[in-house]
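Novice: the following comprises the amino acid sequence and a computationally predicted model.
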Amino acid sequence: MNKGKTDKNKSLYGRAVRGGRGKLKGLLIILLAILPWIAFAYLHTIYAFAVTGALIFSFAVSLLTCIYVLSTNKNSQSKAVWIIFLLVCFTFGYVVFWLSDERIFFKKNKKRYTAVYRQSEEFLLENKIEFSSVAVKQNAQFLYSTGKFVAYNSTDCEYFPSGESFFDDVIERIKQAKKFIFLEFFILSDGLLLDRILEILSQKVKEGVDVRIIYDDLGSARAFSLSTKEKIKKSGIQLKAFNKMFPVFSVALNYRDHRKIIVIDGQTAYTGGCNLADEYINQKRLHGYWKDSGVRIDGNAVDGFTIIFLRQWEVLSKVREDYSPFFNLYIPTQNKFTVIPYADGLDYSHPIARGVYENMIISANEYLYISTPYFIVDDGITNLLMNKALSGVDVRLVLPAIPDKKFVYGVSRSNAEKLIEYGVKVYVFNDTFVHSKLLLTETAVAIGSVNMDLRSYYQQFESSIYTDDHKVCTDVKDDFNNMFNSSTLITKETMLRKNVFYRLIVGLMQVFSPFM
């Protein structure tokens with residue numbers, strides 16, 4: 001009986017245990033099912049906390065970066081764009097800003113340029129010359145103060161109103177070279193023009209002439225083939241690329257060598273807007289007729305371009321250069337007008353090219369004529385042009401009728417059309433892409449590679465001459481009159497800004513205009 005009770009009890013205990021185990025298994029299954037959700041909720045809480053912390057940190061850093069931007073010497077428009085970008089894209093905007101800062105990516109090169117400049121300062125001694133006007137004297141002082149650019153007055157100048165006439169003259173002069181030929185261009189492009197010049201240069205190397213070429217690797221990327229580069233090197237021509245794209249791709253590529261310089265035997269030099277490509281002589285039609293210009297100088301001012309080239313060459317080659325064999329080779333002329341070769345770039349602490357243009361605008365009392373492919377300026381220059389027009393100065397601006405970059409052209413047209421209501425006359429050269437970079441007043445002219453845009457002022461290496469040479473000023477004015485006669489004057493009725501949709505698109509593009 002006891003046994004039966006015992007068996008019965010055991011049986012009841014066994015069922016209880018088995019029932020308990022079943023419930024435990026059920027609880028375990030439920031726990032295993034909800035555990036991932038508990039873990040997810042826990043991790044989400046931690047993740048949300050981390051994300052919130054990261055966002056607060058990013059916003060704080062972006063805010064501090066905005067304060068830093070306000071303290072820099074960047075132009076006001078660039079500051080506004082950067083601040084908008086930093087606040088809207090605060091999670092990564094500050095990273096982009098610091099990665100694009102020239103003090104980070106150009107710091108090493110800046111030291112190299114400084115060292116090279118100090119070693120060659122002896123070749124830039126200020127000349128004591130007579131100036132034709134107060135305006136010319138003041139710009140000469142500005143150029144010497146900011147870049148040690150010397151004013152010369154024993155130099156003849158010749159203006160060329162087209163790329164065809166410019167390169168016809170260049171080819172004849174390089175054929176006569178005896179000692180050295182230096183060329184520095186933003187674009188080298190395979191084609192008839194480059195082949196013709198390389199043929200002459202290769203022959204000159206065989207005659208013992210020192211031939212050197214600097215080109216911008218980004219500017220020439222699409223059209224300057226590897227086979228042509230190899231051909232140049234095999235011929236004995238020395239070739240250096242500015243800011244190589246490979247093997248390291250860097251945001252420093254935003255800094256470009258936009259200069260156009262030719263120096264022959266220390267006796268002749270050229271600058272202007274022309275690159276070594278077929279479109280500049282209209283052998284290739286990309287955007288209608290290509291209108292360009294350039295200038296040749298013969299005399300002691302050639303030394304000014306010689307030193308600009310040799311400094312760039314020394315920085316790129318990283319080899320100490322003996323400058324003395326390349327100087328004082330000029331044949332002096334009787335010309336008493338002022339000629340000042342000058343350059344600009346991140347190697348200088350002041351925006352020199354912009355300063356020259358501002359000084360010329362301010363000094364204009366009768367007329368001010370400007371030719372540029374791009375017109376992307378800030379309020380400072382815009383207000384100067386408005387004030388001049390309102391003061392009765394004849395202010396005229398020539399832009400292309402056919403753009404090479406549609407968005408950039410839209411911003412350029414919009415900026416130019418704002419000036420019309422203040423009395424500035426804006427022209428577009430019919431069926432033409434205007435690539436000439438000219439600024440003319442009644443006292444002087446600037447001819448070179450400098451566009452009326454923020455990129456030329458702050459992000460590119462540029463070259464130009466400033467002169468009051470009467471013949472050159474007259475020739476440039478005649479060229480402007482020809483452009484006016486072949487252009488369409490924009491009126492309030494024909495402005496593109498009348499279109500509301502167009503204005504919205506261009507307004508959006510204006511945000512990025514400092515980087516165009």
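Specialist: All right, it came through fine.

Novice: end-to-end on stretch 344-356?
Specialist: One end of stretch 344-356 sits 11 Å from the other (Cα to Cα, to the nearest Å).

Novice: for the stretch 201-350 of the chain, which residues score under the pLDDT cut-off?
Specialist: Scanning the stretch 201-350 of the chain for pLDDT under 70 picks out the ranges 246-253.

Novice: all helices of the stretch 1-150 of the chain, in order?
Specialist: Ranges of helices in the stretch 1-150 of the chain, per DSSP state H, counting those that start in this stretch, are 2-71, 76-88, 93-100, 102-105, 107-119, 134-147.

Novice: ah, wrong one, I meant the stretch 201-350 of the chain
Specialist: Listed in chain order, the helices of the stretch 201-350 of the chain (DSSP H, counting those that start in this stretch) span residues 226-234, 302-317.

Novice: and the longest one, how far from the chain's centre?
Specialist: Its chain's C-alpha centre lies 19 Å from the corresponding centre of helix 302-317 when counted by Cα atoms, centre = their mean, to the nearest Å.

Novice: list the buried residues in stretch 399-409.
Specialist: The neighbour-count check on stretch 399-409 (16 or more other Cβ atoms under 10 Å) flags 399-404, 408-409 as buried. Yep, even glycine has a C-beta here, placed from its N, CA and C like the rest.

Novice: show me where the stretch 301-450 of the chain has strands.
Specialist: Using DSSP state E, counting those that start in this stretch, the strands found in the stretch 301-450 of the chain span residues 339-344, 367-371, 375-376, 394-400, 425-429, 432-434, 438-441, 445-448.

Novice: distance check, residue 374 against residue 258.
Specialist: Per Cβ to Cβ, to the nearest Å, residue 374 is found 12 Å from residue 258.

Novice: residues contacting the nearest residue to residue 419 once chain neighbours are set aside?
Specialist: Closest residue to residue 419 apart from its sequence neighbours, by Cβ to Cβ, 6 or more residues apart in numbering: residue 385 at 5.8 Å. Neighbour list for residue 385: 361, 368, 395, 397, 419, 422, 424 [criterion: Cβ atoms under 8 Å, 6 or more residues apart in numbering].

Novice: quick one: low-confidence ranges for the stretch 1-150 of the chain?
Specialist: Applying pLDDT under 70 to the stretch 1-150 of the chain picks out residues 1-51, 99-106.

Novice: what number of residues lie near the closest residue to residue 386 other than its chain neighbours?
Specialist: Excluding the flanking residues, the one nearest residue 386 by Cβ to Cβ, 6+ apart is residue 422, at 4.3 Å. The local packing of residue 422 (other Cβ atoms under 10 Å) involves 15 other residues.

Novice: tell me the confidence at residue 422?
Specialist: Looking at residue 422, its pLDDT is 96.

Novice: what about residue 410, distance to residue 403?
Specialist: 8 Å.

Novice: sorry, wrong one. I was asking about residue 397.
Specialist: According to Cβ to Cβ, residue 397 and residue 403 sit 15 Å apart.

Novice: list phi and psi for residue 282.
Specialist: phi 60, psi 30 (degrees, to the nearest 10).

Novice: number of residues surrounding it?
Specialist: Burial of residue 282, expressed as a neighbour count using other Cβ under 10 Å, amounts to 16.

Novice: next, the contact list for it, please.
Specialist: Here residue 282 is in contact with 163-164, 289-290 (Cβ under 8 Å, 6+ apart).

Novice: same list, these, but as TSV with neighbour count please.
Specialist: Output for the contacts of residue 282, formatted as TSV (neighbours: other Cβ atoms under 10 Å):
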residue	neighbour count
163	27
164	17
289	16
290	28
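
Novice: just the residues you listed now: which is nearest residue 300?
Specialist: Set against residue 300, the nearest of the contacts of residue 282 by Cβ to Cβ is residue 163 (27.1 Å).

Novice: of the contacts of residue 282, just say which sits nearest to residue 196.
Specialist: Distance to residue 196, by Cβ to Cβ, is smallest for residue 164 among these, at 12.6 Å.

Novice: grab the nearest non-local neighbour of that closest one.
Specialist: Once flanking residues are discounted, residue 164 sits nearest to residue 281: 4.9 Å by Cβ to Cβ, 6+ apart.

Novice: and for residue 77?
Specialist: In space, residue 77 is closest to residue 378, 4.1 Å off (Cβ to Cβ, 6+ apart).

Novice: what bridges to residue 369?
Specialist: Beta-bridge partners recorded for residue 369 (DSSP bridges): residue 396, residue 440.

Novice: can you tell me which residues contact it?
Specialist: Residue 369 neighbours (Cβ under 8 Å, 6+ apart): 396, 398, 438-441, 477, 480.

Novice: leaving out sequence neighbours, find the closest residue to residue 354.
Specialist: In space, residue 354 comes closest to residue 457 once its chain neighbours are excluded; the distance is 4.1 Å by Cβ to Cβ, 6+ apart.

Novice: double-check that that neighbour belongs to a helix.
Specialist: Yes - counting by DSSP: H, G, I helix; E, B strand; the rest coil, residue 457 is found in a helix.

Novice: any chance of the buried residues of stretch 399-409 in JSON lines, plus pLDDT?
Specialist: Formatted as JSON lines, the buried residues of stretch 399-409 follow (pLDDT from 0 to 100):
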{"residue": "399", "pLDDT": "97"}
{"residue": "400", "pLDDT": "96"}
{"residue": "401", "pLDDT": "95"}
{"residue": "402", "pLDDT": "93"}
{"residue": "403", "pLDDT": "89"}
{"residue": "404", "pLDDT": "85"}
{"residue": "408", "pLDDT": "85"}
{"residue": "409", "pLDDT": "87"}
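
Novice: between these, which is nearest residue 344?
Specialist: Closest approach to residue 344 among the buried residues of stretch 399-409 (Cβ to Cβ): residue 408, at 20.2 Å.

Novice: thought the closest one was touching residue 376?
Specialist: Yes - counting by Cβ atoms under 8 Å, residue 408 does reach residue 376; the two are 7.1 Å apart.

Novice: of the contacts of residue 385, closest to residue 495?
Specialist: Nearest to residue 495 among the contacts of residue 385, counting by Cβ to Cβ, is residue 419 at 10.9 Å.

Novice: for that closest one, give me its contacts.
Specialist: Going by Cβ under 8 Å, 6+ apart, residue 419 touches 382, 385-386, 389, 395, 397, 426.

Novice: go through the strands of the stretch 301-450 of the chain and pick out the most buried.
Specialist: A comparison of these by mean neighbour count, using mean count of other Cβ atoms under 10 Å, puts strand 339-344 on top with a mean of 28.

Novice: which other residues reach that one?
Specialist: 139-140, 143, 147, 149-153, 155, 157, 259, 269, 271, 297, 299, 301-302, 304-305, 308, 351-354, 356, 450, 456-457, 460-467, 469.

Novice: check which residues of the helix or strand hosting residue 165 are buried.
Specialist: Assigned by DSSP states H and E, residue 165 belongs to helix 163-175. Using 16+ other Cβ under 10 Å as the test for burial, helix 163-175 gives 163-167, 169-170, 173-174.

Novice: brilliant, that's me finished.
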